[in-house]
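> have a look at this prediction, sequence included:
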Number of protein chains: 2
Amino acid sequence: MIEAGHLYGIGVGPGDPELITLKALRLLQNAPVVAYPVSFGKSLARSIVANYLPENQIEIPMPFPFKIDESAQPFYDKAAEELAKHLSAGQDVVVLCEGDPFFYGTFMYLFTRLSEQFVTEVVPGVSSVMASASALGVPLTYRNDAFMVLSAILPAQELSQKLAVADAAVIIKLGKHFTKVYEVLKQLGLAERAKFIERATMHNQRIVPLSEVAPDTVPYFSLIMIPSQWESE
Amino acid sequence: MIEAGHLYGIGVGPGDPELITLKALRLLQNAPVVAYPVSFGKSLARSIVANYLPENQIEIPMPFPFKIDESAQPFYDKAAEELAKHLSAGQDVVVLCEGDPFFYGTFMYLFTRLSEQFVTEVVPGVSSVMASASALGVPLTYRNDAFMVLSAILPAQELSQKLAVADAAVIIKLGKHFTKVYEVLKQLGLAERAKFIERATMHNQRIVPLSEVAPDTVPYFSLIMIPSQWESE
């Protein structure tokens, strides 16, 4: 009987290929099979590690719908089925994950479907949340700050209520929700402190003042950071 | 005139030496000077990268008080002064930071003191927050979850109020505050869902059920994770 392969969900970091960990790189380069999510025909995760991929590795693009809703189920089912074939045949499979696999990712949907049947290991990665603070050159949290990550998709009132209890926050997945979020920040008196960044650490990273952002052109991979207002000693 | 050296604050990750990024490792190995925080005579950050340090690198241990309060100022002043000497002499200086430099770190205190005078770059790292979720094998946040990081030092009532608006949370810096936090979680009905981990990804990592934790032995580097209750599809 063939021993089943291992499943690895590896964080490849926020965009800069050099922000992958040694462990993720080692597993990636030793696996016979690599799988990655694809949206609108492109895979950001694959593009990050493109220069590290060994020859003759089997690639499994996994088309996932961009919006995560009920209809995504069949896509995850299908991808899990395909990975299971390779794992059952004794091949290790590495799944590429932008940022960190368990932090607002899609890997958990494969994890849920496969981790009971196959030995599974998750390798954490650098999140775009931390990478944005570094890229902006602004410390994010001090000492005993209460820190919050919010999705821009939430209604304005909910964003307000939650931001009210945080000392520092990051609002992710901006896209078409930019104007709503900006209004909330102005009402809370946070607009001055807030910083905007698109595609942190990627080759096309862009930092502009909040007041100069064109709301129609804000990509999904952009965020607003509200750094702690603690004064550094 | 000598061109001044560059200052790099590099995240070395949560503990496993393999969870350093390629970029942090490159900068570390090319710098003539490396500095690191020391508490109680030990440097966790240095121990993580001990096997990567090149020969003949100048080492600057920076003794910082364990508790970050007003009295820490002179320690940061003194460390900044020493780093400035090397930078002014044209030597690049790498400062080691556990986890991520701008996320509950001490690097910001050096950043504030030196970044106006010297070219400074911050390299993000894998946070123990994400590393804990991977080590526990439990997805942390899904979709549009509101996620919160709280310090266990906060009073019980404040912890309660803030946890009430979060879908998922991590409570860091447990130490002697374990019992207080556990009581709060029980009152909120979150104790069943919560997971405990000590020293995630370090060689002495320890995972035990919350109900089996001995409150007197909980280290500072331990946390409680309250994962999202979203069902995976």
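Done, it's in.
> neighbouring contacts of the top helix by length along chain A?
Taking residue count as the measure and DSSP state H as the definition, the longest helix of chain A comes out as helix A:73-88. Residues external to helix A:73-88 that are found in contact with it (Cβ atoms under 8 Å, 6 or more residues apart in numbering or on different chains): A:2, A:4-7, A:32-33, A:35, A:58, A:60, A:62-65, A:93, A:95, A:106, A:109-110, A:113-114, A:117-118, B:233. No exception for glycine: its C-beta is placed from N, CA and C like everyone else's.
> go again using 10 Å as the cut-off
Taking contacts as Cβ atoms under 10 Å, 6 or more residues apart in numbering or on different chains, the residues outside helix A:73-88 that touch it are A:2, A:4-7, A:31-33, A:35, A:37, A:58, A:60-65, A:68, A:91-93, A:95, A:106, A:108-114, A:117-120, B:232-233.
> after that helix, next one along is what?
Counting by DSSP states H and E, the element after helix A:73-88 in chain order, helix or strand, is strand A:93-97.
> that next one pairs with which strands, parallel or anti?
Each strand that strand A:93-97 pairs with, and the sense of that pairing, follows from DSSP bridges: strand A:7-11 (parallel), strand A:33-38 (parallel).
> buried residues in the last one, which are they?
In other words, strand A:33-38. Of the residues in strand A:33-38, A:33, A:34, A:35, A:36, A:37, A:38 count as buried by neighbour count, 16 or more other Cβ atoms under 10 Å in any protein chain shown.
> run the chain-centre distance for it.
Averaging C-alpha positions (Cα atoms, centre = their mean, to the nearest Å) puts strand A:33-38 15 Å from its chain's average.
> also the first one?
For strand A:7-11, the gap between its own C-alpha mean and the chain's C-alpha mean amounts to 13 Å (Cα atoms, centre = their mean).
> would TSV of the buried residues of strand A:33-38 with distance to residue A:75 and pLDDT be doable?
Converted to TSV, the buried residues of strand A:33-38 look like this (distance: Cβ to Cβ, whole Å; pLDDT from 0 to 100):
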residue	distance to residue A:75	pLDDT
A:33	18	98
A:34	18	98
A:35	13	98
A:36	13	98
A:37	9	96
A:38	10	95
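> out of those, who's nearest chain B?
Minimum distance to chain B across the buried residues of strand A:33-38 is 14.3 Å, recorded for residue A:37 (Cβ to the nearest Cβ).
> need the contact list for the closest one.
If a contact means Cβ under 10 Å, 6+ apart, then residue A:37 has A:43-46, A:61-64, A:66, A:75, A:79, A:95-98, A:105-107, A:109-110 as its contacts.
> which residue comes closest to it once chain neighbours are left out?
Closest residue to residue A:37 apart from its sequence neighbours, by Cβ to Cβ, 6 or more residues apart in numbering or on different chains: residue A:64 at 4.9 Å.
> my guess is the one you found contacts residue A:98, does it?
No: Residue A:64 is beyond contact range of residue A:98, at 11.9 Å (criterion: Cβ atoms under 10 Å).
> how near is residue A:17 to residue A:204?
Distance of residue A:17 to residue A:204, given as Cβ to Cβ, to the nearest Å: 14 Å.
> looking at these two now, which is surrounded by more residues?
Counting neighbours by other Cβ atoms under 10 Å in any protein chain shown for residue A:17 and for residue A:204 shows that residue A:17 has the greater number, 19 against 9.
> the nearest residue to that one once chain neighbours are set aside: how many residues sit nearby?
Nearest in space to residue A:17, with sequence neighbours left out and distances taken as Cβ to Cβ, 6+ apart, is residue A:48 at 5.5 Å. The local packing of residue A:48 (other Cβ under 10 Å) involves 25 other residues.
> ok, the closest residue to residue A:175 other than its chain neighbours - how many residues close by?
Using Cβ to Cβ, 6+ apart and skipping the chain neighbours, the partner closest in space to residue A:175 is residue A:220 (4.5 Å). Residue A:220: 16 surrounding residues under other Cβ under 10 Å.
> follow-up on the earlier one: who wins for proximity to residue B:188 among the strands paired with strand A:93-97?
In terms of Cβ to Cβ, the element of the strands paired with strand A:93-97 nearest to residue B:188 is strand A:7-11, at 29.9 Å.
> the closest one to helix A:73-88, inter-axis angle?
With axes from the mean of the first three to the mean of the last three Cα atoms, to 10 degrees as the basis, strand A:7-11 and helix A:73-88 are set at 120 degrees to each other.
> now check whatever helix or strand comes next after strand A:7-11, is it near chain B?
Next helix or strand after strand A:7-11 toward the C-terminus (DSSP H and E): helix A:22-30. Yes: under the criterion of Cβ under 10 Å from any Cβ of the partner chain, chain B is reached by helix A:22-30 at A:22, A:23, A:24, A:25, A:26, A:27.
> how far is helix A:22-30 from where the chain is centred?
The offset between the C-alpha centroid of helix A:22-30 and the centroid of the whole chain comes to 19 Å, using Cα atoms, centre = their mean.
> pull up the overlap in contacts between residue A:17 and residue A:204.
Contact with both residue A:17 and residue A:204 is made by no residue, according to Cβ under 10 Å, 6+ apart.
> circling back: give me the element the residue nearest to residue A:17 is part of.
Assessed by DSSP H and E, residue A:48 sits inside helix A:44-49.
> next: residue A:143.
Using DSSP H and E, residue A:143 falls outside every helix and strand.
> can you pull the contacts of the residue nearest to residue A:17?
When contacts are counted by Cβ under 10 Å, 6+ apart, residue A:48 touches A:12-20, A:36, A:96, A:98-99, A:125, A:201-202.
> which of these lies closest to residue A:178?
Taking Cβ to Cβ as the measure, residue A:178 sits nearest to residue A:202 out of the contacts of residue A:48, at 18.5 Å.
> related to what we said a few turns ago, now, of the residues of helix A:22-30 next to chain B, which are buried?
By the neighbour-count criterion of 16+ other Cβ under 10 Å, the residues of helix A:22-30 next to chain B include these buried positions: A:22, A:23, A:24, A:25, A:27.
> show me the shaky parts of chain A.
Counting by pLDDT under 70, the ranges of chain A that qualify are A:66-70, A:231-233.
> all helices of it, in order?
For chain A, applying DSSP H gives helices covering A:22-30, A:44-49, A:73-88, A:107-114, A:128-136, A:156-163, A:178-187.
> determine how far the shortest one lies from the middle of the whole chain.
Taking Cα atoms, centre = their mean, one finds the center of helix A:44-49 at 12 Å from the center of the full chain.
> could you do stretch A:169-186 as well?
Mean-position distance between stretch A:169-186 and its chain equals 18 Å (Cα atoms, centre = their mean).
> buried residues in it?
In terms of neighbour count (16+ other Cβ under 10 Å), stretch A:169-186 has its buried residues at A:169-174, A:177-178, A:180-182, A:184-185.
> which of those are close to chain B?
Of the entries in those, those that also sit close to chain B under the rule Cβ under 10 Å from any Cβ are A:169, A:170, A:172, A:173.
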